[in-house]
Every structure is written in structure tokens, then in C-alpha cells.
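Visitor: quick one, fold the following:
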Amino acid sequence: MTPADWHALASRFALGRVTAAPGYVGRGAMGEIWRLETTAGRWAVKWQFPWVPTEARPADVSIQLAASAAGIPLPLPVIAPDGDAVVGIGGRHARVYHWVELGEPVPPPVPAATAAEAGRLLGLLHALANRCDEPADPWYTEVPLAGAWADLIERAAAANAAWAPELAASSDLIAELSGYVVPGTGRPPVSCHRDFNPDNVLPAAADGRLVVLDWENAGPLDAIRELGYAIFTFTSGYGRFDRAAYDAMLAAYACASGSEPALGPDLFGTAVATQLNVLQVMAERALTEPEHRGHAEDLLASVLRHDLDDLRRIIKLLSAELGS
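Guide: Residues are numbered from 1 along each chain as shown. Modelled structure (predicted):
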């Protein structure tokens, strides 16, 4: 982005005058994060990637504001004077957030105290029981068709992709995990974060309190399945499952949400769906989008070498008490 683009963005969001060269922070699945300093303060600017929706007034803004009012720490979104939260600048779209100085992610499985605080924050969000008018997103509820994997494996092998043998070797595990995702739960969806994991729930640098980031995926989902996704991402990882963290997360969630969650065999449905959809999309991106190949292959390595095995492990370990 050019200096003129940055000045245009600051003007559009009424951020004051740019006072320093913007600094690149990092990238995620939705965009690149930059730090911007102006006469009015510091801001986190997310320049979105082309595949991200560009609605000027996305529904996630109201979810974020409700979550903040409920006591969930988060970088508040900045709204332009005309009411837009997403603006087009220089051929790209951007969002702006208040800057929060953050520490490093806590690697999973996280300590019990961290899991408890994460469970408390998720419980506060679900206790709002906000309904969404948006349709359900199959990313969180459905897995790729079985036939898609064979085609993907063949294309990866033909392209001599370094990860092709690992994908082929995971075929049975992919099929096994796919069987845990069943359509519908009978429970009404509520407004959820839908990406509540240790990469997006980070300690603040000043005091270590957890701050919830990256709400762009927020929308309707079964609260129990989001809880299952959070349990998976916070209490397991790299071949380990921490029972103390699991118990602490559930207890804090129940206290904050106001009721004991009704856990059942579909608890990890969203965890499975998201992992397999990430696997498919990142493989496609690695094969067809050279500019994003490095990021895609990093995610592929994590899913294929750790995440799928960790997910099967936690499902098996908890199967008896979940009734599966």
C-alpha cells in the first residue's frame, strides 16, 4: 500500500493524521495486520485478502460490541463516520481496530488456569444467546465429499508437492473423522466467535489477561459444538491431552454461561469439520496460488502431522463419557 493509501484510510476512518510509517505485524487467514500510528492513537489495520467478504457493515460488528459489553476483552472495531466497518482503499478492503499490545500465544495444551479463563470468556459469549439472521455456514457443519480427497491426492502427487505423501497416508484417518460429523443437532444456533482457539485468544502484554481477536468469522453456530472446538484447541496438542485443563475449562464455562453444557457424541463435530475444510482449502491454495503457498503449506504441515491425530485422540479418550 502506498503512503497515499494510508492517508486515505486514516481520513476515511477519521483516525487523524498519520505520524509514522506503518509497521507490518503479520498475517492470518483473513488478511495482513499492520500497526498504524496517528495523532489520535495506535490502530490495528487488517488489509483483507481477496477471498474475504467485503460487506461494508458486516454482522460481526454487533457481535463484537455485545461481547465487549458483556466483559469480554477485545480490540474494538473502528467504525467510519458513515457507519461502514469495511472500506475499499487502493483496490483492497480494510478494517481498523483499536490497538492492543499482545504477548505470545500460549501453546496447547494450555495450563489449567489459561483454559479456565478461556472457558469463562466463551461462556460469557454464549450466555448472550444472541440469535443471528445469517444462514448456517457449512464450513463449520459439513466435511468435504469423500471423492474430493482422491482427486486432491492425485493432483498433489502430479505436482510433486512435498506434502502429497502425507495427505495420501492420512486417507483412512480423514474418512474416520468424517464419520463423526452428523447433520443438525436440534439446538438453535446462537452468535458464536467460530474461531475460538489459542491463536486468537492471546494474553495482553501488560497483565496477561486473555484478549479475544479475529471476530470476522463470527456468526451462527451450535454453542455446544463451538465449545467442543475450543476444548480441542486449548486442551490438546502435539500428542498430548491435558485432563486438568479440560476440567477447568468446562467448570469455568458452566459458571459463566449459567448452566452445565449438555455434552454428547456430536461435541467435536465443528472441530472435525473445520480441520478437514482447512486441510482441503489449504491444499488447493498451495497447488493453485503461489503467492500464498508458504502460508498454506505451514498450515498443511500442522494439520497433517499433529492436528488430525490429536483430534482422533481426544475423541477416543472422551468417547465413553460423551456416549459415543
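Visitor: which residue packs closest to Thr233, ignoring adjacent ones?
Guide: Taking Cβ to Cβ, 6 or more residues apart in numbering, and ignoring the residues beside it in sequence, Thr233 has Asn197 as its nearest neighbour in space, at 3.7 Å. The way it works is simple: take the backbone N, C-alpha and C, and place the C-beta from them, glycine included.
Visitor: the one you found sits in which helix or strand?
Guide: According to DSSP states H and E, Asn197 maps onto no helix or strand at all.
Visitor: where do the strands sit along the stretch 1-150 of the chain?
Guide: Applying DSSP state E, counting those that start in this stretch to the stretch 1-150 of the chain gives strands spanning 23-27, 31-38, 41-48, 87-89, 92-98.
Visitor: no no, the stretch 151-300 of the chain
Guide: Using DSSP E, counting those that start in this stretch, strands in the stretch 151-300 of the chain cover 190-192, 201-203, 210-212, 219-221, 236-237, 240-241.
Visitor: so which of the strands of the stretch 1-150 of the chain is nearest Ser319?
Guide: strand 23-27 (36.8 Å; Cβ to Cβ).
Visitor: quick one: strands adjacent to that closest one?
Guide: Strand 23-27 pairs in its sheet with strand 31-38 (antiparallel), by DSSP bridges.
Visitor: got a list of contacts for the strand it pairs with?
Guide: 6, 9-10, 15-20, 22-27, 42-49, 52, 95-96, 99 (Cβ atoms under 8 Å, 6 or more residues apart in numbering).
Visitor: buried only: go through those residues for me.
Guide: Listed as buried from the contacts of strand 31-38 are 6, 9-10, 15, 18, 22, 43-48, 52, 95-96, 99; burial here means 16 or more other Cβ atoms under 10 Å.
Visitor: phi, psi of the spatially closest residue to Gly41 that is not a sequence neighbour?
Guide: Nearest non-adjacent residue to Gly41, counting by Cβ to Cβ, 6+ apart: Trp99, 7.1 Å away. Main-chain torsions, Trp99, degrees, to the nearest 10: phi -80, psi 130.
Visitor: circling back: contact partners for the residue nearest to Thr233?
Guide: Here Asn197 is in contact with 229-230, 233-234 (Cβ under 8 Å, 6+ apart).
Visitor: picking up where we left off before, nearest to Trp163, of the buried ones among the contacts of strand 31-38?
Guide: Of the buried ones among the contacts of strand 31-38, the one sitting nearest to Trp163 (Cβ to Cβ) turns out to be Val52, at 24.7 Å.
Visitor: what is the neighbour count of the closest residue to that closest one other than its chain neighbours?
Guide: Residue nearest to Val52 in three dimensions, not counting chain neighbours: Met30, with 5.1 Å by Cβ to Cβ, 6+ apart. By other Cβ atoms under 10 Å, 18 other residues sit near Met30.
Visitor: so Met30 touches Lys46, yeah?
Guide: Yes - contact status for Met30 versus Lys46: in contact at 6.9 Å, counting by Cβ atoms under 8 Å.
Visitor: quickly list what's touching both of these two.
Guide: Joint contacts of Met30 and Lys46 (Cβ under 8 Å, 6+ apart) are Glu216.
Visitor: can you tell me how far Leu145 is from Ser170?
Guide: 16 Å (Cβ to Cβ, to the nearest Å).
Visitor: what about these two, which has more around it?
Guide: Using other Cβ under 10 Å as the criterion, Leu145 and Ser170 rank with Ser170 on top: 21 against 10.
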